[in-house]
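Asker: Provided below are the primary sequence and the corresponding predicted coordinates.
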Amino acid sequence: EADIYQTPRYLVIGTGKKITLECSQTMGHDKMYWYQQDPGMELHLIHYSYGVNSTEKGDLSSESTVSRIRTEHFPLTLESARPSHTSQYLCASRPDRGYEQYFGPGTRLTVT
Amino acid sequence: AQKITQTQPGMFVQEKEAVTLDCTYDTSDPSYGLFWYKQPSSGEMIFLIYQGSYDQQNATEGRYSLNFQKARKSANLVISASQLGDSAMYFCAMWRSGNMLTFGGGTRLMVKP
């Protein structure tokens, strides 16, 4: 069983607020990823990291930012939330050997 | 560029019967890997099965098997003896260079009692 956690699981917040979605893993994985998923749709990669102090933008342009100060943490921040940011955000990690990505439970964000 | 296509947006299957979920892919990389993930209504992504492009045999994991046809660029998931708990979204994904995944649009499977 993968040990990757996301908080909060659900978040309803007003427009203009700053939010941070937390993601942490206890497996010591260097590679971590953030995906955005609208209901019933495919996952889109928005950010990834290959290790501490490494962050890159993914396939889908996003107004969010990420940081990787510690191996186990990969938080995602929205400086000013908008209704268009309403979506599910999934965090994942993978070991250096093997290809499987382990996913967290996701955060369902609603911006009103 | 890599692309994953799942042409069945929704499917029904009778409990205890087998079902095949289709996945076709497009890539110019000689080395790649294909995954299937299950996503229940709770939202988490559950890894089901993996097939590497150089694997000689089709992957199997319990009731799940992957029908890999390299020449046709297809990687269909076969679920045998469907259970009510199999009702979920199923995503096909492909590993690509840079250790990233490209996902298909998903298939919603509904198991009828």
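Answerer: Received it, and whenever you're ready, just let me know what you need.
Asker: flag every residue of chain B that's near chain A.
Answerer: B:33, B:35, B:37, B:42-47, B:50, B:52, B:89, B:91, B:93, B:95, B:99-106, B:108 (Cβ under 8 Å from any Cβ of the partner chain). Yep, even glycine has a C-beta here, placed from its N, CA and C like the rest.
Asker: residue 102: neighbouring residues, count only.
Answerer: As the question left the chain open, I've gone with chain A. By other Cβ atoms under 10 Å in any protein chain shown, 19 other residues sit near residue A:102.
Asker: actually it's chain B I care about, not the one you picked
Answerer: Counted by other Cβ under 10 Å, the residues lying close to residue B:102 total 22.
Asker: could you do residue A:52 as well?
Answerer: Using other Cβ under 10 Å, residue A:52 is surrounded by 12 other residues.
Asker: surely it and residue A:67 touch.
Answerer: No - Residue A:52 is beyond contact range of residue A:67, at 10.0 Å (criterion: Cβ atoms under 8 Å).
Asker: ok, back up a step: just the buried members of the residues of chain B next to chain A?
Answerer: Buried subset of the residues of chain B next to chain A (neighbour count, 16 or more other Cβ atoms under 10 Å in any protein chain shown): B:33, B:35, B:37, B:43-45, B:47, B:50, B:89, B:91, B:93, B:95, B:100-106.
Asker: how far away is whatever residue of chain B ends up closest to chain A from residue A:92?
Answerer: For chain B and chain A, the shortest gap (Cβ to the nearest Cβ) falls at residue B:45, measuring 3.8 Å. As judged by Cβ to Cβ, to the nearest Å, residue B:45 and residue A:92 stand 8 Å apart.
Asker: which residues do the two both contact?
Answerer: Common neighbours of residue B:45 and residue A:92, counting by Cβ atoms under 8 Å, 6 or more residues apart in numbering or on different chains, are residue A:103.
Asker: what is the helix or strand of chain B with the lowest mean pLDDT packed up against?
Answerer: The helix or strand of chain B with the poorest confidence is strand B:100-103; it has a mean of 90 (mean pLDDT, DSSP states H and E). Contact partners of strand B:100-103 among helices and strands, from 3 or more Cβ pairs under 8 Å, 6 or more residues apart in numbering or on different chains; DSSP states H and E: strand A:43-51, strand B:3-5, strand B:88-96.
Asker: I'd like the next helix or strand past the second one.
Answerer: Using DSSP states H and E, the helix or strand that follows strand B:3-5 towards the C-terminus is strand B:10-14.
Asker: ok, residues contacting the helix or strand just after that following strand?
Answerer: Downstream of strand B:10-14, the first helix or strand assigned by DSSP H and E is strand B:19-21. Residues from elsewhere that reach strand B:19-21, judged by Cβ under 8 Å, 6+ apart: B:6, B:8, B:11, B:13, B:36, B:67, B:76-79, B:82, B:90, B:92, B:107, B:109.
Asker: now do stretch A:3-23
Answerer: Stretch A:3-23 is contacted by residues A:24-27, A:32, A:34, A:73-83, A:89-93, A:102-112 when judged by Cβ under 8 Å, 6+ apart.
Asker: compute the first-to-last residue distance for it.
Answerer: 11 Å (Cα to Cα, to the nearest Å).
Asker: can you check stretch A:23-38 too?
Answerer: For stretch A:23-38, by Cα to Cα, the gap between its terminal residues amounts to 19 Å.
Asker: tell me the buried residues in it?
Answerer: A:23, A:24, A:25, A:29, A:30, A:31, A:32, A:33, A:34, A:35, A:36, A:37.
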